[in-house]
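Enquirer: Predicted model, plus sequence, below.
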Amino acid sequence: MSLPPLVEPAAELTVDEVRRYSRHLIIPDVGMAGQKRLKNAKVLAVGAGGLGSPALMYLAAAGVGTLGIVEFDEVDESNLQRQIIHSQADIGRPKAVSAKETVQGINPYVQVNIHDERLDSSNVMELFSQYDLIVDGTDNFATRYLVNDACVLLNKPYVWGSIYRFDGQASVFWSEHGPCYRCLYPEPPPPGMVPSCAEGGVLGVLCASVGSIQVTEAIKLLTGTGDPLVGRLMVYDALEMTYRQVKVRKDPDCAVCGENPTVTELIDYEAFCGVVSDEAQAAAQDSTITPKQLKEWIDADEKIEIIDVREPNEYEIVSIPGAKLIPKNEFLMGTALQTLPQDRRIVLHCKTGVRSAEVLAVLKNAGFADAVHVGGGVIGWVHQIEPAKPVY
């Protein structure tokens, strides 16, 4: 489905811009008019991480006149394997600032607006209203639903992408012309069911593959060229090196873009997505200890069994001394319960405390009333107890 150009063309291109974008100008489907539209366009990238890195760099190289960057995080060494917009020298610096400097190094004709803040219901409408198109590079469900609902309410298109290990997905959501994200995923998955990239990993170069698809779709929308991924989901399998498409239809019963929407304003997206389930919150309420408390128990030779509920590859990177590895899924399946000792207090931990809280709820329901988990997980342990150990 071809769509009209999203923006009007700028008045002119300078001589230097004509020279810079000459390879675009000789493409009949882009040409002078298309490049002028790119110059006049305002695109907001949500996130300057794995997907935001290639997206911002190629949007800048393509000549998008104004780029906005919403990012509140700082550059960490573990980012550099895939977030190529940042360098070793940027560790500890705000990602938005680092990304802006890289973008301006690629193309000094691009205006870059930094929004060094966490995107939430209080600022999303005002931010999105300043831009023609949104490129979503977020990695959590709460922000994805926030981006979608804001775009539907503002009638703005956005290009969505998702990555995990060797798999990627991309689509264009624009409720005026097709489905929105909620039409594809009406409800978020249960808390802890879908691991994040921080938990499950991601092939670094996968970000470039999916990010480049996002930029291609953005250029098509801005210039009115080709057939955008509206109503289609692109699924990429890097291991098999295959691309396939899944048709996505607009849901007439969609909560936000359907015929009788029930979501007519922004909601509490953290609660909607249940970052930690109610059961886990209840289980952890009086059964959470700190890494320092765990260290005291170890030093006092308390009768405890430390269980690491992460995955084996995470355990290989860093572990708490004496911890036994039993991945979370074995508890959810019920196979791990019979292996637990009855004469020792169970102490659970994961990377940050989310997965261990979910497992703690399982143990409480199984009768392990005195079981506890470590708030902050192995990351907290490393920072407070063994700072010389690596983190991931």
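Expert: Received, thanks. Numbers count the residues shown, from 1 in each chain.

Enquirer: Quick check: chain neighbours aside, which residue is closest to S78?
Expert: Closest residue to S78 apart from its sequence neighbours, by CB to CB, 6 or more residues apart in numbering: Y392 at 5.5 Å. Any C-beta I mention is one placed from the backbone N, CA and C, and that applies to glycine too.

Enquirer: go on, G376?
Expert: That would be G353: by CB to CB, 6+ apart, it lies 5.7 Å from G376.

Enquirer: Roughly how far does the one you found sit from P321?
Expert: According to CB to CB, to the nearest Å, G353 and P321 sit 19 Å apart.

Enquirer: Sketch out the helices for the stretch 201-350 of the chain, chain order is fine.
Expert: 204-223, 269-273, 278-284, 291-299, 312-317, 328-333 (DSSP state H, counting those that start in this stretch).

Enquirer: Now the first one: buried residues?
Expert: Spelled out, that is helix 204-223. By neighbour count on 16 or more other CB atoms under 10 Å, the buried set for helix 204-223 is 206-223.

Enquirer: Please name every helix or strand in contact with it.
Expert: On a contact count with 3 or more CB pairs under 8 Å, 6 or more residues apart in numbering; DSSP states H and E, helix 204-223 meets helix 31-40, helix 52-62, strand 133-136, strand 158-164, strand 167-173, strand 232-237.

Enquirer: So which elements touch the next helix or strand after the shortest one?
Expert: Once the chain leaves strand 133-136, the next helix or strand it forms, by DSSP states H and E, is helix 141-154. Contact analysis of helix 141-154 by 3+ CB pairs under 8 Å, 6+ apart lists helix 124-128, strand 133-136, strand 158-164, helix 181-184, helix 269-273 as its packing neighbours.

Enquirer: Run the chain-centre distance for the first one.
Expert: Put simply, helix 124-128 sits 18 Å off its chain's centre (CA atoms, centre = their mean, to the nearest Å).

Enquirer: can you list contacts of that helix?
Expert: Here helix 124-128 makes contact (CB atoms under 8 Å, 6 or more residues apart in numbering) with 44, 68, 70, 115, 119, 134, 146-147, 150-151, 153-154, 156, 266.

Enquirer: Which of the helices and strands in the protein ranks last by mean pLDDT?
Expert: helix 197-200 (a mean of 70; mean pLDDT, DSSP states H and E).

Enquirer: Let me know the distance separating C257 from T138.
Expert: 19 Å.

Enquirer: Looks like N155 contacts H177 (just checking).
Expert: No - the criterion here is CB atoms under 8 Å, and N155 misses it with H177 at 10.2 Å.
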